[in-house]
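Participant: Coordinates only, no sequence provided:
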């Protein structure tokens with residue numbers, strides 16, 4: 001049934017009547033019949049009878065009654081929690097088969113709680129807020145997710161210890177998930193490292209002082225090395241003592257890859273800071289499991305690159321907006337020179353400003369004002385006890401503007417090589433930018449095993465983030481991660497008790513929330529959901 005306006009009267013004195021109409025099927029034809037005529041629309045409005053009729057009918061609609069009651073001050077209880085992110089990420093959690101994996105790994109353990117549910121809670125906290133596990137026990141009260149109200153602080157502590165114990169089995173099962181057992185070929189592996197500190201009181205076998213990217217040399221830290229495939233899935237991770245150099249971490253994780261996975265073809269993509277000549281030999285001398293590679297070159301430090309590769313003439317091919325590439329061979333070594341013309345303009349401008357500042361300092365403040373400044377060092381020349389600008393070095397520096405050079409053993413096209421390396425930059429941002437969801441810190445655990453489990457929950461969070469980002473890219477939904485998370489958090493669940501019955505009421509979808517729900521195949525919850533008592 002529905003409400004219909006029936007027009008009547010003359011041309012000069014038209015009238016509109018409000019009718020209740022019912023549709024019914026007569027054979028193959030759909031017809032309508034009038035159930036009741038409520039009266040003239042203008043008179044009903046003038047007398048306020050429409051509102052009274054709606055309120056009267058609303059008494060028989062539980063959903064409308066609850067919505068109307070939400071505006072009243074006499075509700076016996078009411079609580080609001082964040083609902084958007086738990087719904088979306090639980091859907092991804094299940095799509096990736098993580099509940100089944102955690103359940104298998106927890107078999108035989110005498111847990112009095114659901115280890116999969118608690119693991120999801122740890123992961124969701126990493127995605128939404130970060131913070132310690134102690135903070136997480138309080139944060140659980142702020143989100144709407146099934147079973148979270150039963151999780152205690154001790155469950156969080158026991159679960160991070162459990163994740164440490166099963167870390168290698170978990171890693172292997174995640175690797176096999178979604179891969180055919182007879183087709184485990186990987187095209188690309190991105191490798192990167194980061195470090196994270198902890199507030200442990202004493203140094204341990206794992207947490208040691210070392211080079212700190214966070215400018216906290218006073219705290220103990222670990223080095224985290226992770227390998228991701230081309231889709232951004234973390235396929236292997238390793239945690240090293242805090243005094244481990246990046247190059248050493250790279251060497252060890254390559255060994256772990258060969259040891260753990262029977263994979264036939266791998267192309268390792270790594271940043272120039274992690275690669276040495278010995279590491280290239282390590283990649284190419286692996287016998288059956290020899291790895292191809294795409295690595296960045298240190299343009300200024302490698303003489304072959306700065307003089308021969310960049311000195312070679314040749315035409316650049318445009319492969320993307322603001323990106324051109326050309327191929328250069330030096331004996332049997334293959335290089336791809338990439339140039340971004342917009343970056344080249346910025347590099348030239350920065351150098352011009354730097355040289356102008358250097359000249360001013362030398363003229364007005366003397367040589368002492370620039371001693372120890374590493375930024376100026378490459379443009380300074382010592383001559384007869386004084387310092388002057390080395391204009392030849394300034395001129396040579398122009399050849400580096402907007403460029404980066406890659407070395408590769410693959411047979412990929414120059415375009416594919418450049419794109420693969422640019423993908424590494426995206427992976428690096430996942431680790432290093434503040435907007436990244438890989439929020440490992442802070443870690444307050446005193447046991448190494450619990451610290452490791454805490455870090456593993458962050459990798460699972462990264463897996464969900466990458467999964468959602470890939471889905472959004474496939475659906476061509478362009479939205480920044482912070483904006484999306486803000487919109488999702490605005491979907492609130494309100495639990496209220498009315499006349500002794502409990503209900504769950506959701507707020508409206510705002511921003512990109514509905515598009516995200518559609519993208520992941522998630523059916524939006526109804527506005528009002530009765531809850532069992």
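Facilitator: Nice, I can see it. Only a predicted model underlies this, so the values are computations on that prediction, with no experimental measurement involved. Numbering: from 1, shown residues only.

Participant: contacts and neighbour counts: CA atoms only from here.
Facilitator: Noted.

Participant: per-domain residue ranges of this structure.
Facilitator: Recorded structural domains for the chain (assignment: automatic domain parsing) are 2-60, 169-340+402-432, 342-400.

Participant: Which one, of those domains, ends up nearest to residue 88?
Facilitator: Of all these, it is domain 169-340+402-432 that lies closest to residue 88, at 18.2 Å by Cα to Cα.

Participant: Show me what counts as buried in the biggest helix by length in the chain.
Facilitator: Assignment by DSSP state H gives helix 448-474 as the longest helix of the chain. Within helix 448-474, the residues that count as buried by 16 or more other Cα atoms under 10 Å are 448-469, 472.

Participant: now whichever helix or strand comes after it and helix 448-474, what's the angle there?
Facilitator: Once helix 448-474 ends, the next helix or strand along the chain (criterion: DSSP states H and E) is helix 481-489. Helix 481-489 runs at 90 degrees relative to helix 448-474, counting by axes from the mean of the first three to the mean of the last three Cα atoms, to 10 degrees.

Participant: who does the next helix or strand after helix 481-489 pair up with?
Facilitator: Beyond helix 481-489 on the C-terminal side, the first helix or strand identified by DSSP H and E is strand 492-498. The pairing partners recorded for strand 492-498 under DSSP bridges are strand 77-82 (antiparallel), strand 501-506 (antiparallel).

Participant: neighbouring contacts of the last one?
Facilitator: I take that to be strand 501-506. Strand 501-506 is contacted from outside by 66-67, 491-497, 525-533, using Cα atoms under 8 Å, 6 or more residues apart in numbering.

Participant: can you tell which of the strands paired with strand 492-498 is closest to residue 365?
Facilitator: Of the strands paired with strand 492-498, nearest to residue 365 by Cα to Cα is strand 77-82, at 58.7 Å.

Participant: contacts for that closest one?
Facilitator: Under Cα under 8 Å, 6+ apart, the answer for strand 77-82 is 141-144, 489-498.

Participant: Could you tell me which residues within it count as buried?
Facilitator: Residues of strand 77-82 classed as buried: 80-82 (neighbour count, 16+ other Cα under 10 Å).

Participant: C-terminal to that strand, which secondary structure element comes first?
Facilitator: helix 84-95.

Participant: Who are the packing partners of that following helix?
Facilitator: Judged by 3 or more Cα pairs under 8 Å, 6 or more residues apart in numbering; DSSP states H and E, helix 84-95 is in contact with helix 115-128, helix 448-474, helix 481-489, helix 513-519.

Participant: what's the least confident stretch among these?
Facilitator: Confidence, taken as mean pLDDT, is least for helix 448-474 of the helices and strands packed on helix 84-95 (a mean of 85).

Participant: buried residues in stretch 127-137?
Facilitator: Judged by neighbour count (16+ other Cα under 10 Å), stretch 127-137 contains these buried residues: 127-128, 130-133, 136-137.

Participant: Please read the previous query as pertaining to stretch 11-23.
Facilitator: 16-19, 21.

Participant: Sketch out the low-pLDDT regions of the stretch 301-450 of the chain for me.
Facilitator: The stretch 301-450 of the chain contains residues with pLDDT under 70 at 372, 385, 423-442, 444-446.

Participant: tell me the strands in it, going along the chain?
Facilitator: For the stretch 301-450 of the chain, the strands defined by DSSP state E, counting those that start in this stretch occupy 317-320, 323-330, 333-339, 380-383, 386-389, 403-408.

Participant: With mean neighbour count and distance to residue 511 added, can I get those strands in TSV?
Facilitator: Output for those, formatted as TSV (neighbours: other Cα atoms under 10 Å; distance: least, Cα to Cα, whole Å):
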stretch	mean neighbour count	distance to residue 511
strand 317-320	14	31
strand 323-330	18	33
strand 333-339	20	37
strand 380-383	13	53
strand 386-389	15	54
strand 403-408	21	38
